[in-house]
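**Q** A predicted structure for the sequence below; I have some questions about it.
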Amino acid sequence: MLTISRLSRWSINYYNDTADQAQTAAMDRQAVGGGLGEYYSEGDTRVPTWVVVGDNAAVGELTWLGVAALHGGIAGTKVAARWLDDGITPDGANGRVLTKGSVHGFDLTFAAPNSVSLLRALTDDVGEKIMVMAHSKGIEAATIYLHEHAGYTRVHNPQTGKKDLQRLPGLVAIAYQHETSRCGGPHLHSQMIVPNRQARADGTLVSIDSKSLHHEAKAAGVIYQAVVRHELHAAIGAEWAVVDGHSGMAEIAGVTKRCLKTWSQRSTRLREWARNNLVVVDGELTPPQLVAAQKATRPAKPESKPWTELKEEWRADARGLEYDRAAHLEARAARGAAPRILLDRARLARMVAHIDKSAFTRADLVESVGALLPVGAPGDPRALIEQIVDAVSLRVTASPRHAKRTTAKGMSCSPRTR
């Protein structure tokens with residue numbers, strides 16, 4: 001799934017410090033083992049990397065990012081901090097001064113399903129690479145989607161007195177991969193930091209239209225999940241349990257619920273602390289109680305440990321990996337019996353009927369279609385999702401805003417616009 005949050009000045013220090021600690025630990029471990037202890041080792045998973053989508057050539061020319069950076073190279077923590085904290089790109093350019101109350105950037109966190117994290121950590125090196133590759137491809141697809149549908153800034157229109165959306169040539173971000181949950185278990189997730197100073201086509205550094213970014217975030221998260229499922233089905237024949245209609249996420253069929261629960265201890269600790277310290281009505285925590293429980297039970301994440309050491313600890317853990325082959329075969333049979341006609345408008349209309357909004361947008365359709373896209377569907381999942389949505393949707397406003405009011409063809413809709 002994908003979560004999004006705003007970042008203030010100095011926020012990037014946490015991500016950089018975590019990355020530096022993990023790299024130093026990996027270097028120390030190599031040195032103790034007789035190695036050279038080089039700073040960037042092949043197995044280091046916490047090295048921050050550049051993520052650039054859109055017109056890479058234009059982005060490179062406008063920001064002076066080098067060829068390596070434009071293709072996912074290592075991001076220097078000082079360069080990343082200067083861009084996020086001060087709004088200054090590698091070429092020394094800067095836009096409007098960031099004030100005390102400015103939004104300095106956005107944290108887009110992509111989290112793999114728990115079953116994927118467990119298979120990556122508890123199987124072997126081949127499985128590890130396959131899981132990470134699927135995770136990376138999911139992030140790439142979601143980021144491309146965000147640039148195409150939320151990669152905008154707002155420019156003043158002197159004729160109307162309003163601000164019009166203007167597409168950015170590309171989006172630049174810094175990705176930090178993390179490995180552990182708060183309780184120290186396997187939890188593959190990447191935090192993609194998007195500076196709120198991006199290059200416009202004329203070279204001016206401008207802020208991102210945050211409304212567009214927040215509006216499309218959930219749809220991008222669903223695309224991430226759809227790509228992960230597609231990639232793992234193609235690579236290892238993974239079958240999947242029922243996709244959650246809200247998050248668009250599913251677990252690998254076969255990794256048992258007991259196994260997932262055994263490794264996911266966070267919710268258990270929350271409930272235990274709440275039972276001993278709070279008055280809980282009807283067994284449900286209120287939002288303020290949940291926040292209090294989270295703060296009280298939050299342990300320090302063991303992110304400073306080298307990835308090699310984490311794997312050794314997890315693979316020696318008595319909890320192990322519990323896999324039910326019968327569940328895998330049952331999911332395969334269910335997939336084989338499911339309808340395969342992707343452009344069945346009647347089916348798609350039923351699919352979006354659950355959207356409980358007086359007005360829903362194209363992003364809502366992307367979420368619904370992405371959640372039900374068959375893993376065996378041919379082609380690129382993101383492109384296929386967009387193709388299906390465009391085939392069954394209808395623009396009902398002349399507004400240029402990408403978050404346009406949408407409905408499935410053949411369905412009724414009220415005249416309200418978003």
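**A** Happy to help now that I have it. Numbering: from 1, shown residues only.
**Q** can you list the domains in the chain?
**A** 2-337, 340-418 (automatic domain parsing).
**Q** which of the ones you listed has the lowest average pLDDT?
**A** Ranked by mean pLDDT, those bottom out at domain 340-418, with a mean of 69.
**Q** which residues touch the closest residue to A363 other than its chain neighbours?
**A** In space, and not counting its chain neighbours, A363 is closest to A219: 4.2 Å by Cβ to Cβ, 6 or more residues apart in numbering. C-betas here are computed from N, CA, C, even on glycine. For A219, the contact set (Cβ atoms under 8 Å, 6 or more residues apart in numbering) comprises Y145, H149, A363, D364, V366, E367, G370.
**Q** Please apply the same query to P186.
**A** S117, L118, R120, A121, L122, E179, T180, W263, L310, W314.
**Q** Dump these to TSV, plus neighbour count, distance to A326 and secondary structure.
**A** As requested, those are exported to TSV (neighbours: other Cβ atoms under 10 Å; distance: Cβ to Cβ, whole Å; DSSP: H, G, I helix; E, B strand; the rest coil):
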residue	neighbour count	distance to A326	secondary structure
S117	25	23	helix
L118	30	19	helix
R120	23	23	helix
A121	25	24	helix
L122	21	20	helix
E179	24	31	strand
T180	20	31	strand
W263	26	21	helix
L310	20	31	helix
W314	22	25	helix
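**Q** The stretch 201-350 of the chain: helices as residue ranges?
**A** Using DSSP state H, counting those that start in this stretch, the helices of the stretch 201-350 of the chain run over residues 210-236, 257-263, 266-277, 287-297, 307-315, 325-337, 345-352.
**Q** Quick check: the gap between the residue nearest the centre of the chain and K257.
**A** The residue lying closest to the centre of the chain (Cα atoms, centre = their mean) is F110, at 2.4 Å. Counting by Cβ to Cβ, to the nearest Å, the gap from F110 to K257 is 23 Å.
**Q** Ok, A199 next?
**A** Counting by Cβ to Cβ, the gap from A199 to K257 is 47 Å.
**Q** okay, those two: which has more neighbours?
**A** Higher neighbour count among A199 and K257: A199, with 26 against 13, using other Cβ atoms under 10 Å.
**Q** Return the residues in contact with the closest residue to the more buried one other than its chain neighbours.
**A** Excluding the flanking residues, the one nearest A199 by Cβ to Cβ, 6+ apart is L62, at 3.8 Å. Counting by Cβ under 8 Å, 6+ apart, L62 touches P169, A199, G203.
**Q** Which is the succeeding secondary structure element to the helix or strand where L62 lies?
**A** If you go by DSSP states H and E, L62 is part of helix 56-63. Heading C-terminal from helix 56-63, the first helix or strand you meet, by DSSP H and E, is helix 67-70.
**Q** if we look at that next one, which residues are touching it?
**A** W50, V52, N56, V59, G60, I74, A75.
**Q** Quick check: buried residues in stretch 103-114?
**A** Neighbour counts over stretch 103-114 (16 or more other Cβ atoms under 10 Å) mark H104, G105, F106, D107, L108, T109, F110, A111, A112, P113, N114 as buried.
**Q** could those go into TSV alongside distance to R46 and secondary structure?
**A** TSV is the format used below for the buried residues of stretch 103-114 (distance: Cβ to Cβ, whole Å; DSSP: H, G, I helix; E, B strand; the rest coil):
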residue	distance to R46	secondary structure
H104	22	coil
G105	19	strand
F106	20	strand
D107	16	strand
L108	17	strand
T109	15	strand
F110	15	strand
A111	16	strand
A112	16	coil
P113	21	coil
N114	20	helix
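**Q** Among the residues you listed, which one sits closest to L329?
**A** When these are compared for distance to L329 (Cβ to Cβ), P113 wins out at 19.8 Å.
**Q** where's the nearest residue to S11 once chain neighbours are set aside relative to L2, distance?
**A** Leaving aside its chain neighbours, S11 sits nearest to H104 (6.6 Å; criterion: Cβ to Cβ, 6+ apart). Relative to L2, H104 is positioned 20 Å away (Cβ to Cβ).
**Q** go on, N16?
**A** 22 Å.
**Q** Compare the two (neighbour count), which wins?
**A** L2 (24 against 20).
**Q** which element is the residue in the chain sticking out farthest from the centre on?
**A** Going by Cα atoms, centre = their mean, the residue of the chain most distant from its centre is Q159, 38.5 Å out. Counting by DSSP H and E, there is no helix or strand that carries Q159.
**Q** ok, now the one 5 residues further on?
**A** The secondary structure element spanning D164 is strand 163-167 (assigned by DSSP H and E).
**Q** Same check on D17?
**A** Taking DSSP H and E as the definition, D17 sits inside helix 12-32.
**Q** Just after that helix, pick out the following helix or strand.
**A** Helix 12-32 is succeeded, C-terminally, by strand 49-54 (DSSP H and E).
**Q** got the angle between that following strand and helix 56-63?
**A** In terms of direction (axes from the mean of the first three to the mean of the last three Cα atoms, to 10 degrees), strand 49-54 departs from helix 56-63 by 110 degrees.
**Q** Work out the gap between strand 49-54 and the centre of the chain.
**A** With Cα atoms, centre = their mean, to the nearest Å as the basis, strand 49-54 stands 14 Å off its chain's centre.
**Q** Give me the residues contacting that strand.
**A** By Cβ under 8 Å, 6+ apart, strand 49-54 touches 59, 65, 69-75, 139-140, 143-144, 146-147, 151, 168-175, 192.
**Q** If any of those are buried, give me the ChimeraX selection for them.
**A** This is the ChimeraX syntax for the buried subset of the contacts of strand 49-54, where burial follows 16+ other Cβ under 10 Å:
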select :59,65,69,70,75,139,140,143,144,146,147,151,168,169,170,171,172,173,174,175,192
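**Q** Out of the contacts of strand 49-54, which sit inside strands?
**A** G170, L171, V172, A173, I174, A175, M192 (DSSP state E).
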